[in-house]
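Trainee: Have a look at this fold, sequence not included:
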């Protein structure tokens, strides 16, 4: 698979299909990487390859992936957005659509905050966020699994650095979707389609708060993934949402 390098960051990526660009990030928390697609609730690389130029990537420092870079303690969500926008720059893409699973919910919102003119619409599939009953689900997974695994590969890192990084990811804005504030959600003019889920990490609360707050947010049926007929209709809703927000010239 190809890679691009920007300073001290190297990103591995893959693309399939043709048409208007769709950046797609699979779930897996901090281990979001290309190999995760077959285990997702649906595989955007396969589902949308006949509709869009679908681009995906290993996120920085995902265990088992090939993207590497500093553990950016001071602005962790911004660092992910920089990697994603940097990939689009590398590919010569200015405007694009986005679909993010799991941690891709916060990815989407930080991308929109950073570059609202570039992200034409975003799908938040099973987004992570604050859940009252399991407020530290994402922090704990990072501390107990991802952090030790990364430290085994990077002897320069300490648990103190890992815990500060996780704190800045998940505890600075702990009551919503982590990467942006509720005030930003209220001001967001980017069309959003939210696909709620309800697990310790995939917060139904945060998903529905986003639907309520963002002026141009839509929501799929919920629950949507257990019954195959409804799941198929929901995937078609996603396809139509994305197609509706690509430029007119690209739809011809």
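Mentor: Now that the structure is in, tell me what you want to look at. Please read these numbers as outputs of a predicted model, since none were measured by experiment. Numbers count the residues shown, from 1 in each chain.

Trainee: how far is stretch 79-96 from where the chain is centred?
Mentor: 13 Å (C-alpha atoms, centre = their mean, to the nearest Å).

Trainee: in that stretch, what's buried?
Mentor: Under the neighbour-count criterion of 16 or more other C-beta atoms under 10 Å, stretch 79-96 has 79-88, 91, 93, 96 buried. (Glycine included, C-beta is placed from N, CA and C.)

Trainee: Helices - which of those residues land there?
Mentor: Of those, the ones assigned to helices by DSSP state H are 79-88.

Trainee: ok, those vs residue 213, which is closest?
Mentor: residue 81 (20.1 Å; C-beta to C-beta).

Trainee: Spit out the contact partners of the closest one.
Mentor: 107, 110-111, 113-115 (C-beta atoms under 8 Å, 6 or more residues apart in numbering).

Trainee: at 6 Å what do you get?
Mentor: Contacts for residue 81 (C-beta atoms under 6 Å, 6 or more residues apart in numbering) come out as 110-111, 114.

Trainee: Now residue 67. Nearest residue, chain neighbours left out?
Mentor: Spatial nearest neighbour of residue 67, excluding adjacent residues (C-beta to C-beta, 6 or more residues apart in numbering): residue 58 at 4.0 Å.

Trainee: is it true that that neighbour touches residue 35?
Mentor: No: taking contacts as C-beta atoms under 6 Å, residue 58 lies outside contact range of residue 35: 8.3 Å.

Trainee: more crowded one of those two?
Mentor: Using other C-beta atoms under 10 Å, the more surrounded residue of residue 58 and residue 35 is residue 58, with 28 against 13.

Trainee: Please report the distance of the more buried one from residue 49.
Mentor: As judged by C-beta to C-beta, to the nearest Å, residue 58 and residue 49 stand 19 Å apart.

Trainee: so where's the stretch 151-252 of the chain shaky on pLDDT?
Mentor: 250-252 (pLDDT under 70).

Trainee: what are the ranges of the helices in it?
Mentor: Secondary structure of the stretch 151-252 of the chain (DSSP state H, counting those that start in this stretch): helices at 159-170, 182-187, 204-213, 228-244, 248-251.

Trainee: Deepest in the core, which of these is it.
Mentor: Across the helices of the stretch 151-252 of the chain, averaging neighbours per residue (mean count of other C-beta atoms under 10 Å) puts helix 204-213 on top, at a mean of 19.

Trainee: Residue 107: neighbouring residues, count only.
Mentor: By other C-beta under 10 Å, 27 other residues sit near residue 107.

Trainee: Please, which helix or strand holds it?
Mentor: Per DSSP states H and E, residue 107 falls inside helix 104-114.

Trainee: Lovely, talk soon.
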